[in-house]
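> Just the structure for this:
(2 chains)
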Amino acid sequence: MFKELAKGLGITLKHLLPGNTTTVQYPKERLEIAPRFRGLHRLVPTQHREKCVACYLCPTVCPAKCITVESAENEEGEKYPRVYEIDLLRCIFCGYCVEACPVEAIEMTAAYELADFKREDFNFDKERLLKS
Amino acid sequence: MTPEVLTLSNTPLLYTAAMLVKVVVAFVVTLLIVAYATWAERKIIGRMQTRCGPTMTGYKGLLQPIADGLKLFFKEDIIPAQAHWFAFIIAPMMILAPAFISISVIPFGSDYQFTYDGILYSVPLQVTDLNIGVLFIMAMAGLGVYGIVLGGLASNNKYSLIGGIRSTAQMVSYELAAGLSIIAIFMLSETLSLRGIVSAQQLPLWGLEFLPSWFHNWYIFTQPLAFGLFFISSLAEINRTPFDLPEAETELVSGFCTEYSSMKYALFFMGEYANMITISAIGATLFLGGWDGPFFSWMNFLFKVFAFMFVFIWIRATFPRLRYDQLMFLGWKIMLPLALANVLVTGFAVLLWQ
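Residues are numbered from 1 along each chain as shown, chains lettered A, B, ... in the order given. Sure, this is the predicted structure:
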């Protein structure tokens, strides 16, 4: 019994030596995130408009039903999303929208500090998603 | 020339001044150690669990105890409607006072000598040298239980009550083993005064004159078993892990201090750490030769106290809590018989060799 007790004490004493802390001092230093990390969504822009062609695949595949798309036609006769909104409070960050997109118009960024003050602030519309 | 001892009748002013200084110094230093023991505990346990402990308040988190104190001081002081208000208020004081009072009989240094008006005076660095010092300490340790029991009873809360009941049973059973292990000490020293016990520990080791003069007769060498018993039972007496059943967080929310908030909670907290310091000081005095050692006398004493406290913290970081029946088994079926046997063997040894 005493051997085990001494062994336990030895382990804790070993951890006391400098250089054994595993804490990352978060706001000051950050862990490097994985390249495939699924953070905040981003709509990919082309030169004068968003890449999205409003095909409705992402709201269809979305398991949380957080994407709202309304399609329309612009002056050049192309289909484009008049409304593209993601309700981030419903989103589960599964990345299915990215997988489903046939034109790679939506992708996920590394941003994970998404806290905010008002419920409305979590409703990301097209402008914000293009900028993020 | 032999220094003159300060007395109230011969040098009333000097005596009063010296006494006041000693009381203030002992009290303030204890309070400071209490405050920074919380910091040291969080820091050391943090490191041992590969965390950092407090880092934000001041350099390395050194202002954390002050910040905690201020926070607790300004919090709302809640007395539950169903609680017995008088007992509820008096309980935290009853746990803190005995812990601080015990410090008064502990010698924290050798005699301090100074010349005043051409006469050499000597002041014992001890608030008061009671000739029943050890008994006084045991009595104060016994009084400490009442605070916890009263706090648990007055809160009118099932968790507090269970915490209080547990602490009664635990402290009463471990006080026996602690007391019996100390009996072996004063069988050897033949005095109950802590000052006498310290000076008895400055004789040559085991009475062997041929050993080098720095081998002193610290009772840890003559009474290793008593030291072990005293250490474990004092851990139980001051409710430290692995014997912290009265406030077992995982079972009893926070045990006897569940209903306490604000400064009253802070008093319980201070009481716990003050008890830790007292027990460390007693252990250092009884077993490690008090202020005896290579540096200035008070430095030796503080060093020993800190060593004890480090071991307490180290144990807290390492061991899980005992189950209640295991606690009682250890107390009554292992510690008590061992302590009795130790007293018996010591008695025979004293009879044969002295």
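> alpha carbons only for contacts and neighbour counts from here, please
OK.
> Report how many residues lie close to the nearest residue to residue B:289 once chain neighbours are set aside.
Of all residues not flanking residue B:289 in the chain, residue B:218 sits nearest, at 5.0 Å (C-alpha to C-alpha, 6 or more residues apart in numbering or on different chains). By the criterion of other C-alpha atoms under 10 Å in any protein chain shown, residue B:218 has 25 neighbours.
> Do I have it right that residue B:218 meets residue B:293?
No. At 10.4 Å, residue B:218 does not count as touching residue B:293 under the criterion of C-alpha atoms under 8 Å.
> tell me the pLDDT at residue B:312?
Note for residue B:312: predicted pLDDT of 91.
> Which residues are in contact with it?
Neighbouring residues of residue B:312 by C-alpha atoms under 8 Å, 6 or more residues apart in numbering or on different chains: B:235, B:240.
> Let's see the helix or strand hosting it as PDB, backbone CA atoms only.
Assigned by DSSP states H and E, residue B:312 belongs to helix B:297-318. In PDB, the C-alpha atoms belonging to helix B:297-318 read as follows (Å, rounded to 0.1, in the frame of the first residue of the first chain):
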ATOM      1  CA  SER B 297      15.800  30.600  14.900                       C
ATOM      2  CA  TRP B 298      12.600  32.100  13.500                       C
ATOM      3  CA  MET B 299      13.800  31.200  10.000                       C
ATOM      4  CA  ASN B 300      14.200  27.600  10.900                       C
ATOM      5  CA  PHE B 301      10.800  27.500  12.500                       C
ATOM      6  CA  LEU B 302       9.100  29.200   9.400                       C
ATOM      7  CA  PHE B 303      11.000  26.800   7.100                       C
ATOM      8  CA  LYS B 304       9.700  23.800   9.000                       C
ATOM      9  CA  VAL B 305       6.100  25.200   9.000                       C
ATOM     10  CA  PHE B 306       6.300  25.800   5.300                       C
ATOM     11  CA  ALA B 307       7.700  22.300   4.700                       C
ATOM     12  CA  PHE B 308       4.700  20.800   6.600                       C
ATOM     13  CA  MET B 309       2.300  22.900   4.700                       C
ATOM     14  CA  PHE B 310       3.800  21.900   1.400                       C
ATOM     15  CA  VAL B 311       3.300  18.300   2.300                       C
ATOM     16  CA  PHE B 312      -0.300  19.000   3.200                       C
ATOM     17  CA  ILE B 313      -0.900  20.600  -0.200                       C
ATOM     18  CA  TRP B 314       1.100  17.900  -2.000                       C
ATOM     19  CA  ILE B 315      -1.100  15.200  -0.400                       C
ATOM     20  CA  ARG B 316      -4.200  17.100  -1.300                       C
ATOM     21  CA  ALA B 317      -3.100  17.200  -5.000                       C
ATOM     22  CA  THR B 318      -2.400  13.500  -5.000                       C
END
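> next one: that helix to chain centre, how far?
11 Å (C-alpha atoms, centre = their mean, to the nearest Å).
> show me where the chain has strands.
Because you didn't say which chain, this covers chain A. A:41-43, A:67-73, A:79-87, A:106-108, A:123-124 (DSSP state E).
> meant chain B, my bad for not saying
Using DSSP E, strands in chain B cover B:4-5, B:112-116, B:119-123.
> what is the orientation angle of the second one with helix B:297-318?
Orientation of strand B:112-116 against helix B:297-318 (axes from the mean of the first three to the mean of the last three C-alpha atoms, to 10 degrees) gives an angle of 150 degrees.
> what residues does chain A put near chain B?
Within chain A, the positions near chain B by C-alpha under 8 Å from any C-alpha of the partner chain are A:8, A:9, A:12, A:13, A:14, A:15, A:16, A:17, A:20, A:21, A:22, A:23.
> Got a quick ChimeraX command for the buried subset of those residues?
To isolate the buried ones among the residues of chain A next to chain B in ChimeraX, judged by 16 or more other C-alpha atoms under 10 Å in any protein chain shown, type:
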select /A:8,9,12,13,15,16,21
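> Distance to residue A:55 for the residues of chain A next to chain B - can I get that in CSV?
What follows is those, written out as CSV (distance: C-alpha to C-alpha, whole Å):
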residue, distance to residue A:55
A:8, 61
A:9, 63
A:12, 59
A:13, 61
A:14, 60
A:15, 56
A:16, 59
A:17, 59
A:20, 53
A:21, 50
A:22, 47
A:23, 45
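> what's the spacing between the closest residue to chain A within chain B and residue A:11?
Chain A sits closest to residue B:50 of chain B, with a gap of 4.2 Å, by C-alpha to the nearest C-alpha. Using C-alpha to C-alpha, to the nearest Å, residue B:50 is found at 11 Å from residue A:11.
> swap in residue B:120?
For residue B:120, the distance to residue A:11 - C-alpha to C-alpha - is 53 Å.
> Could I get the buried residue list for stretch B:253-263?
B:254, B:255, B:256, B:257, B:258, B:259, B:260, B:261, B:262, B:263.
> Just the CA atoms of that stretch, as CSV, please.
Below are the C-alpha coordinates for stretch B:253-263, written out as CSV (Å, rounded to 0.1, in the frame of the first residue of the first chain):
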residue,chain,number,x,y,z
VAL,B,253,-22.3,20.2,-2.1
SER,B,254,-19.9,22.0,0.3
GLY,B,255,-20.7,20.2,3.6
PHE,B,256,-21.1,22.3,6.7
CYS,B,257,-20.5,25.6,4.9
THR,B,258,-23.0,25.1,2.1
GLU,B,259,-25.3,27.9,3.4
TYR,B,260,-22.6,30.4,4.2
SER,B,261,-21.6,33.3,2.0
SER,B,262,-19.7,36.5,2.1
MET,B,263,-17.4,37.2,5.1
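> what residue is smack in the middle of chain A?
Taking C-alpha atoms, centre = their mean, the centroid of chain A lies closest to residue A:39, which sits 1.7 Å from it.
> Next up, the contacts around the residue lying closest to the residue of chain B closest to chain A once chain neighbours are set aside.
Sequence neighbours aside, residue A:21 is the residue nearest to residue B:50 in space, at 4.2 Å (criterion: C-alpha to C-alpha, 6+ apart). By C-alpha under 8 Å, 6+ apart, the contact list for residue A:21 reads A:15, B:47, B:49, B:50, B:51, B:52.
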